[in-house]
Structure formats: C-alpha cells, structure tokens
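1. with the sequence up front, the predicted model follows.
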Amino acid sequence: MLGKLSRREVAVLLWCPFVVCTGHMLALCGWDGCLVASTKDSLLNTVFVKRGWFWTSTVFWWVVVRYRMEDSVTTRTPLLPLLRRYTITTAAWYVFTQQLWLNVPPLMDLVFVWSGGSCLLDPATTPGTLWLSTSAACRRHGGLWQGGHDPSGHMFLLSLMLMFLLSELPAGSSGGRRRGKHAAFASAAAAARFILWDEPGVLALALTACWTWALLVTAARFHTLPEQTSGLLAAVVAHLSARALG
Ligand SMILES: CCCCCCCC/C=C\CCCCCCCC(=O)SCCNC(=O)CCNC(=O)[C@H](O)C(C)(C)COP(=O)(O)O
Ligand SMILES: Nc1ncnc2c1ncn2[C@@H]1O[C@H](COP(=O)(O)O)[C@@H](OP(=O)(O)O)[C@H]1O
C-alpha cells in the first residue's frame, strides 16, 4: 500500500507539475521562442516521444539487469513487486493511449467523444460519411479532431514515464565503484562501453532529461491547460495505482 509518502515520492509527484508550470511561465513571458525547434516532426518527437514507452522500458530494464549483475544480493530491489509495478504502469499506458480492440478506442479518445468531440473530414478528399472514433484514425484520414475535451496523450505519457523512472531507478547503487574503473575515456569506444555496459544509469538520466524537455515543450506549446491537466492527472492516478497495487 502507499502508506505515508516518502520525501523522494513527494519530489517525484511534484516534478511534472513544476515542469508544466515552468513551460507556461515561458509561454506567458514570450520566451517559448527558444523552444521553437521542437515541432511535431522533430526527431525528439517522432523517434523518441512517439516511441516513448519502448525507450523507457528498454533503458530501464537494461539498467536493472546490469545493476543486478554487479550488486550484492542484499542491496537488490525486490524483483517481483518491481515487475508488478511495471506491468500495471504498462497496462495503464496502453488503456489510456492505445486502441484496445478493433472497435474500442483508447480512454483519451473515449473522453473526447463523450465530451462531444468528433472527427471533421474534408468532403473533397473523403466523400460519403465516415465515423472515426480514434484520433489516430482521424489523423490518418487527414481529418480534424475537434469539438470535445481531448486529454493530452503527450502530457500523460511523458508524466507517466518521468514518474516511473524517477521513482524506480536504483538511486546510487554501486555506480561509484564502477565509475572508478573508467575515469578517463581513452577513445569513443571506451566511452560507449562505459555508458552502455558499465554505467547505463547515464542513459536513464539522459532519457529523464529528454522527457523533461519534451514535457516543457508540450506544456508551453500544445493543447489547452485543462487538456494538459487531465492528461497529467490521469498519469498521477496511474502512477499511484501502480505504487499501491504493486
Ligand atoms: C532480472 C531480469 C528481469 C527482467 C529483465 C528483462 C530485460 C529485458 C530487457 C529489455 C526489455 C525491453 C522491453 C521493451 C518492451 C517495450 C514494449 C513497448 O512498449 S513497445 C510499444 C512502444 N510504443 C510506444 O512507446 C508508443 C508511445 N506513443 C503513444 O503512446 C502515443 O503515440 C502518444 C500518447 C505519445 C500520443 O498519441 P497521439 O495519438 O497524440 O499521437
Ligand atoms: N513535446 C512535443 N514535441 C513535439 N510535438 C508535440 C509535443 N507534445 C505534443 N506534440 C504534438 O501535439 C499534438 C497533440 O499531442 P497529444 O494529443 O498527444 O498531446 C500531436 O500532434 P500530432 O497529433 O499531429 O502528432 C503531438 O505530436
């Protein structure tokens, strides 16, 4: 059960609202121009954020596997509860953002349709009537997803990934011991070996920084504040459920 939240858990919960507030402040002050390179077609969005759960899962489990190879049995995080929390978080991500079954849209799209939204198609390019209940299908047909409350899928996914990584990453571990081994990089190969094999925590930190940056961009430039808030709240509920049930 959740019980009393630790200081780390409180910090984890406050991190995303803090980043979102910072994004809005930047936008209000007109300083979001410095985020201008971050468009929908940017590499960060298409290669990383849009495949976000894949990258988070891969880097996270690699860190866990590597640290378990090096740490003594007594310092290891218990694996079964960790797997339970990961599975619940994955299920929450899937239910909220992905098409569940042939005709069942993701939760975020159900909220949109239930609140009066629909997909507006261009009659010139799509003759006849076509009822599209998912944002992905609407986008594929070149339609406009408009009229309802559309919880931000980016806000949800980025907040969920950040809370998961920040609360589950093995803090400290035996990194210091490994760091000593490769203090100086003799070559690019040595640096790659250090990051991928000796200290993959560096990769996890880089991913956390990347998601934080994308969250800042999303807050400053995409969706309305209520739609961002519902995405963020859904992520908090998913995260706390995983902590409570795992
Ligand atoms: C001691 C041993 C323990 C076990 C260790 C196992 C070690 C295994 C090592 C690695 C495992 C890697 C597992 C990877 C599994 C990954 C599974 C996936 O998640 S695949 C799918 C990835 N897909 C995404 O991430 C898509 C994310 N995108 C979205 O959700 C949406 O596009 C959006 C919410 C970002 C936006 O929606 P939109 O409609 O507005 O575009
Ligand atoms: N950090 C970010 N960087 C680039 N694009 C972003 C973004 N956050 C949201 N977007 C874009 O804003 C739109 C709304 O996203 P969402 O509903 O998931 O919050 C999406 O456009 P597309 O639907 O054209 O891909 C998405 O790609």
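-> Here it is on my side, so go on. Ligands and ions are numbered 1, 2, ... in the order given.
2. what does this protein put close to ligand 2?
-> 38, 40, 42, 45, 49, 139, 152-155, 214, 217-218, 222-223 (C-beta under 6 Å from any ligand atom). Any C-beta I mention is one placed from the backbone N, CA and C, and that applies to glycine too.
3. which one (most neighbours) among those?
-> Neighbour counts for those (other C-beta atoms under 10 Å) peak at Thr218, which has 27 neighbours.
4. quick one: least confident of the residues of the chain next to ligand 2?
-> Scanning these for pLDDT, the low point is Ser38. It has 68.
5. what segments of this protein are strands?
-> 118-120, 144-146 (DSSP state E).
6. out of these, which gets nearest to ligand 1?
-> Of all these, it is strand 144-146 that lies closest to ligand 1, at 8.9 Å by C-beta to the nearest ligand atom.
7. shaky segments in the chain?
-> 1-3, 36-38, 71-76, 127-129, 171-185 (pLDDT under 70).
8. enumerate the residues of it near ligand 1.
-> Proximity of the chain to ligand 1 is confined to 49-54, 57-58, 61-62, 65, 68, 79, 97, 135-136, 153-154, 157 under the rule C-beta under 6 Å from any ligand atom.
9. about what we covered before: tabulate the strands of the chain (CSV), appending mean neighbour count and distance to Pro170.
-> Formatted as CSV, the strands of the chain follow (neighbours: other C-beta atoms under 10 Å; distance: least, C-beta to C-beta, whole Å):
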stretch, mean neighbour count, distance to Pro170
strand 118-120, 18, 44
strand 144-146, 15, 40
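10. closest one to Ala91 among the ones you listed?
-> Closest of the strands of the chain to Ala91 is strand 144-146, at 24.8 Å (criterion: C-beta to C-beta).
11. which helices and strands does that closest one pack with?
-> With contacts taken as 3 or more C-beta pairs under 8 Å, 6 or more residues apart in numbering; DSSP states H and E, strand 144-146 sits against strand 118-120, helix 135-140.
12. with only the CA atoms kept, save the last one in CSV.
-> Provided in CSV are the C-alpha atoms of helix 135-140 (Å, rounded to 0.1, in the frame of the first residue of the first chain):
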residue,chain,number,x,y,z
SER,A,135,-7.6,10.3,-33.1
ALA,A,136,-5.1,8.1,-34.8
ALA,A,137,-7.7,7.0,-37.5
CYS,A,138,-8.8,10.7,-37.8
ARG,A,139,-5.3,11.8,-38.4
ARG,A,140,-4.7,9.0,-41.0
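13. what's the closest non-adjacent residue to the residue nearest in space to the middle of the chain?
-> Ranked by distance to the mean C-alpha position of the chain (C-alpha atoms, centre = their mean), the top residue is Leu158 at 2.7 Å. Once flanking residues are discounted, Leu158 sits nearest to Leu215: 4.4 Å by C-beta to C-beta, 6 or more residues apart in numbering.
14. how much space between the one you found and Cys29?
-> Counting by C-beta to C-beta, to the nearest Å, the separation of Leu215 from Cys29 is 18 Å.
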